[in-house]
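sharing a model that was predicted from the sequence below.
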Amino acid sequence: MLGRTAAGAGLQADLKVITALGAYGMSVITAITAHNPLGVMRIQDIDLDVVEAQIDAVLLDIGADIVKIGMLSSPESVTTVSKVLRLHGVKRIVLDPVLRATSGASLGGDDTSQAMIAELFPIALLITSNLDEASLLLGREIRGPNDFKLAAEELLEMRPQAVLMKGGHLDSTHTQITDFLMWRTIEDGLEVLQTKEFKHYRVNTVNTHGTGCSLDSAIATYLAGGHDLNHAVVKAIAYVEAGLEAGRFLSIGEGPGPLWHMHDFYPTALLD
């Protein structure tokens with residue numbers, strides 16, 4: 001897992017998900033954020049040589065069945081991560097192009113998004129994108145599920161193998177959430193685009209902090225466990241839904257609380 005530290009999201013959420021799903025997660029910290037559900041107060045990038053050394057340390061000894069990338073806050077960080085992963089021959093990457101926090105704070109500028117498109121999209125097995133991220137990457141507003149097919153096609157032209165459009169950022173008046181997956185297959189020597197739409201109910205909760213990170217880490221973990229892409233997305237959505245349901249009554253801090261990652265082991269958090 002490559003990304004930033006954050007309270008309830010980022011690497012903290014990633015590692016909780018991976019552990020809950022029975023895998024062994026390792027982290028590479030690319031930035032430290034002073035961040036809670038109310039907003040992002042400060043971002044401190046890790047020195048690039050330290051980022052490179054962390055990746056080397058993980059991959060040269062333990063290795064990784066799959067790599068999930070979260071927030072990279074500068075073009076230089078993108079370049080470093082891409083270079084080192086290519087040197088190690090990493091083939092399976094789930095990329096969450098985190099460019100804006102749920103609170104609205106910017107986590108990476110246009111230069112960073114363009115660096116991701118040029119350097120990480122072509123080596124990614126899957127990129128995931130919510131409405132805000134897709135709008136920033138494509139330079140136009142993506143409003144909802146009616147825009148997902150065209151947006152996915154345009155993102156797929158940037159050469160990842162698959163794109164998942166995430167609909168959870170629609171306002172709460174939408175009681176049903178639509179996610180949209182598009183991926184490439186080869187049939188009779190020709191490239192064919194496959195699509196799958198996932199419709200699921202919206203859990204009635206304000207505790208949604210870290211859901212995007214959690215979904216992506218769950219997909220990556222299921223892929224590492226041998227599930228195909230379609231099945232991994234189905235199982236990851238179910239895992240996050242269950243975590244949202246189990247965390248509905250959590251009261252942690254003043255902002256939106258987290259989902260409950262350990263719902264399979266403890267039905268509710270032991271906070272009393």
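Looks like it arrived, so ask away.

so where is the protein shaky, pLDDT-wise?
By pLDDT under 70, the low-scoring segments of the chain are 1-8, 100-108, 171-174, 268-272.

for the residue lying farthest from the centre of the chain, phi and psi?
Within the chain, Asp188 marks the point farthest from the mean C-alpha position, 32.6 Å out by C-alpha atoms, centre = their mean. Torsion angles at Asp188 (phi, psi; degrees, to the nearest 10) stand at phi 50, psi 40.

how about the helices in the stretch 151-272 of the chain?
If DSSP state H, counting those that start in this stretch is used as the criterion, the helices of the stretch 151-272 of the chain fall at 211-224, 229-246.

next, count neighbours for Leu72.
Neighbourhood size, Leu72 [other C-beta atoms under 10 Å]: 30. All C-beta atoms are positioned from the backbone trio N, CA, C, and that covers glycine.

distance of it relative to Val233?
23 Å (C-beta to C-beta, to the nearest Å).

could you do Gly247 as well?
Taken as C-beta to C-beta, the span from Gly247 to Val233 is 21 Å.

what are the buried residues along stretch 225-244?
227, 229, 232-237, 239-244 (16 or more other C-beta atoms under 10 Å).

all strands of the protein, in order?
Per DSSP state E, the chain carries strands over the ranges 2-5, 28-36, 39-45, 67-69, 93-95, 126-129, 162-165, 176-187, 190-201.

the fifth one pairs with which strands?
Sheet neighbours of strand 93-95, with direction, are listed as strand 67-69 (parallel), strand 126-129 (parallel) (DSSP bridges).

so how far is that strand from its chain's centroid?
8 Å (C-alpha atoms, centre = their mean, to the nearest Å).

what does it rub up against?
Residues outside strand 93-95 that contact it (C-beta atoms under 8 Å, 6 or more residues apart in numbering): 66-69, 85, 116, 120-121, 123-128, 160, 216, 219-220, 223.

kindly recompute the last result at 10 Å.
1-2, 64, 66-70, 72, 81-82, 85, 116, 120-121, 123-129, 160-162, 164, 216-221, 223-224, 232 (C-beta atoms under 10 Å, 6 or more residues apart in numbering).

any quick PyMOL command for the buried ones out of those residues?
Of these, the buried ones can be selected in PyMOL as follows, counting by 16+ other C-beta under 10 Å:
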select buried, resi 1+2+64+66+67+68+69+70+72+81+82+85+116+120+121+123+124+125+126+127+128+129+160+161+162+164+216+217+218+219+220+221+223+224+232
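
list the buried residues in stretch 23-36.
For stretch 23-36, by 16+ other C-beta under 10 Å, it's 23, 25-33, 35-36.

what do you get for stretch 191-202?
198, 200, 202.
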